[in-house]
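Student: I would like the atomic coordinates for the input below:
(4 chains)
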There are 2 protein chains.
Amino acid sequence: MIEIFLLEQFVAFAKSGTLSRAAMDLHISQPALSRSMKKIEDEFGVSLFNREKSKITLNDTGKIAAQYAEKVLEADREMLEKTIAFERSRRTIILGSCAFLPANELIPIIQEHFCKMAITAEVASDDKLISGLKKRLYHLVILHRLPTDSDIYCREFIDEQLAITLPSNHFLAAKETISFHDLDGISILAHGGSGFWLEICKEHLSNTKLLVQDNMDTLSEIVDASSLPVFNSNRAVRPRDMTAGRVTIPLSDASAHITYYLACLNSEKGRYSTIFNAISANNFKKDTK
Amino acid sequence: MIEIFLLEQFVAFAKSGTLSRAAMDLHISQPALSRSMKKIEDEFGVSLFNREKSKITLNDTGKIAAQYAEKVLEADREMLEKTIAFERSRRTIILGSCAFLPANELIPIIQEHFCKMAITAEVASDDKLISGLKKRLYHLVILHRLPTDSDIYCREFIDEQLAITLPSNHFLAAKETISFHDLDGISILAHGGSGFWLEICKEHLSNTKLLVQDNMDTLSEIVDASSLPVFNSNRAVRPRDMTAGRVTIPLSDASAHITYYLACLNSEKGRYSTIFNAISANNFKKDTK
DNA sequence: TCGGATTACGTGCACCGTAATGATC
DNA sequence: GATCATTACGGTGCACGTAATCCGA
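Tutor: Residues are numbered from 1 along each chain as shown, chains lettered A, B, ... in the order given. Now for the predicted structure:
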């Protein structure tokens, strides 16, 4: 077996062509490298160099050896990289969610119980979340539909009620209840981060132009400067100027009420039991409020 | 970069499960291995072991690392093997031949001019020899047909005249000339090492049973103990008892006369010029004899 | 004379083994 | 008490750098 440090020196020489240059690159002395090349030749047991009086080059065998040596170094690097990457992923809880809102609610709860872990979160469709969970691309997922798979453990997390925020003088503001039907045809502002909500709205509002705005600050300014209705919810945290002088009315349709579910693989249930306990306690508190 | 000797120790531990067993396997002391495992953990920069008071095991990350470590060791081994194999092949002239006989004539000539090289020889069909030459599976090949390829350099080597050796009282022994036609239907002995000659004989002697014998000594005994004809040639070295009291008559057919050609890749012509020179001098001598 | 390779020589560190300690069964 | 892991300590080999030498452009 030939040691890595020798191979590094050997490959450095193979790349630079002269001992002195390679020694420079490696930050070692020329004699040290000269000796190392002797040693590596000895360990291979074959001649690797053409040695002239004041010039040393790789022979054909040496070139072959250098190619393989690079592979060894590459394998060594890969070992280090992959191991560290694995360790990092082991210390990270990867959360997938069907929308930002419930993820933002859950993250502080996870942090409380897994304070040493890093958390990453991303938004995707329920289907992708479920398949990703099975492939272990996610550790925890937040869904808005109950999954049917038996290998997935699932509990209610929180619910969200879609609402519409209207200027007080809007012709709908006086209504007791509002349904999607009432809104169809009216231009309405919506936040781009609402995920599946947008799909639900589009489904029920075939004649409405949805004015989707990704940036919350911009959205807030537009609301402030206009008399346009904007989608809202009982969970959404809205800037004050978005609600000042306005009324917020929940939508009466069944599909405007969503329950979020937290899920993990059945096999990981034990690992995340503290989180599931925390959210059920949490739910209780919110329900009674 | 993590050194090979550390990886060897790490993998040894991964395989044996306890430090003491692994230390035994490695022929080092237990403390030395304990220190090495600390060191490798330090170099990875992540935890690789579950350490209990009197028990140490790989954790999940450690298992991953061990798998990659084995790959590194494998790459190191492969580098050594392949390099040495290349060096050996560089020091070996690989000769392919359509028959044993011309190879046996050529080998001493090669040895004379490449005294430091090892020589390996094998028998194959002309087609395989030519394709093998192009793939550099052979350095030199002996053919019995002129190749058409322009990238192959080819020169006459020696010729061989097929003959038949008969008991003096055989009814064909008195004939001036004998052709395949005269022999068709007669049982004839032949040596298995004759390569393509057997094919030629079978082609012309559809009614003859060829009694092929691989072992020369056995063949010789059978000849001695019987009155069967046996194939022979001007080049074949036959034991005395195979010819005593017998006559050898060359076959008159054109296809019973073969010229062997020595060939190499055009690009290697220079390398083997001394051999080509030697065989042309050799041919001249034999031709005049 | 300068740049490149090798040889000679002294040094320090890193790894090793022995011995001792701690822990678990 | 037996087995296993870790800590302590002293020795040694090996890879290093500096200096000197040799060789060729």
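Student: So which helix or strand of chain A has the lowest pLDDT on average?
Tutor: In chain A, the helix or strand scored least confidently by mean pLDDT, DSSP states H and E is helix A:240-243, which has a mean of 72.
Student: residues near the closest residue to DNA strand D within the stretch 151-289 of chain A, how many?
Tutor: Nearest residue of the stretch 151-289 of chain A to DNA strand D, counting by CB to the nearest atom of the strand: A:Arg271, 26.1 Å away. Heads up, the C-betas are built off the backbone N, CA and C, glycines and all. Neighbour count for A:Arg271, taken as other CB atoms under 10 Å in any protein chain shown: 14.
Student: any idea which helix or strand carries it?
Tutor: Assigning secondary structure by DSSP states H and E places A:Arg271 outside every helix and strand.
Student: residues contacting it?
Tutor: Applying CB atoms under 8 Å, 6 or more residues apart in numbering or on different chains, we find A:Arg271 in contact with A:Cys264.
Student: Quick check on it: phi, psi?
Tutor: A:Arg271 adopts backbone torsions of phi -60, psi -40, taken as degrees, to the nearest 10.
Student: Can you read off the pLDDT for it?
Tutor: Looking at A:Arg271, its pLDDT stands at 92.
Student: ok, so what distance separates A:Val212 from A:His170?
Tutor: Applying CB to CB, to the nearest Å, the value for A:Val212 to A:His170 is 20 Å.
Student: now A:Ala65
Tutor: Separation of A:Ala65 from A:His170 (CB to CB): 81 Å.
Student: Neighbour count: the two, which is higher?
Tutor: Neighbour count, other CB under 10 Å: between A:Ala65 and A:His170, A:Ala65 has more, with 29 against 18.
Student: Quick check: that one vs A:Leu6, distance?
Tutor: Remark: distance between A:Ala65 and A:Leu6 (CB to CB) = 11 Å.
Student: Contacts (any at all) between chain B and whichever helix in chain A runs longest?
Tutor: Longest helix in chain A by number of residues (criterion: DSSP state H): helix A:60-90. Yes. Interface with chain B: helix A:60-90 contributes A:60-61, A:64-65, A:68-69, A:71-80, A:82-84, A:86-87, A:90 (CB under 8 Å from any CB of the partner chain).
Student: got the angle for that helix vs helix B:60-90?
Tutor: 170 degrees (axes from the mean of the first three to the mean of the last three CA atoms, to 10 degrees).
Student: Can you list the buried residues in helix A:60-90?
Tutor: A:61-62, A:64-66, A:68-73, A:75-76, A:79-80, A:83, A:86-87 (16 or more other CB atoms under 10 Å in any protein chain shown).
Student: and it, what other elements does it pack with?
Tutor: Secondary-structure packing of helix A:60-90 (3 or more CB pairs under 8 Å, 6 or more residues apart in numbering or on different chains; DSSP states H and E): helix A:4-16, helix B:30-44, helix B:60-90.
Student: how about 6 Å then?
Tutor: Packing partners of helix A:60-90 (3 or more CB pairs under 6 Å, 6 or more residues apart in numbering or on different chains; DSSP states H and E): helix A:4-16, helix B:60-90.
Student: which stretch among these comes nearest DNA strand D?
Tutor: Judged by CB to the nearest atom of the strand, the one of these that comes nearest to DNA strand D is helix A:4-16, at 6.0 Å.
Student: In terms of helices and strands, where is the residue of the stretch 101-250 of chain A found nearest DNA strand C?
Tutor: Nearest to DNA strand C in the stretch 101-250 of chain A, going by CB to the nearest atom of the strand, is A:Lys116, at a distance of 23.9 Å. For A:Lys116, there is no enclosing helix or strand under DSSP H and E.
Student: Tell me, how many residues neighbour it?
Tutor: Other residues within reach of A:Lys116, judged by other CB under 10 Å, total 6.
Student: Chain neighbours aside, what residue packs nearest to it?
Tutor: Among residues not flanking A:Lys116 along the chain, A:Arg91 sits closest, at 7.1 Å (CB to CB, 6 or more residues apart in numbering or on different chains).
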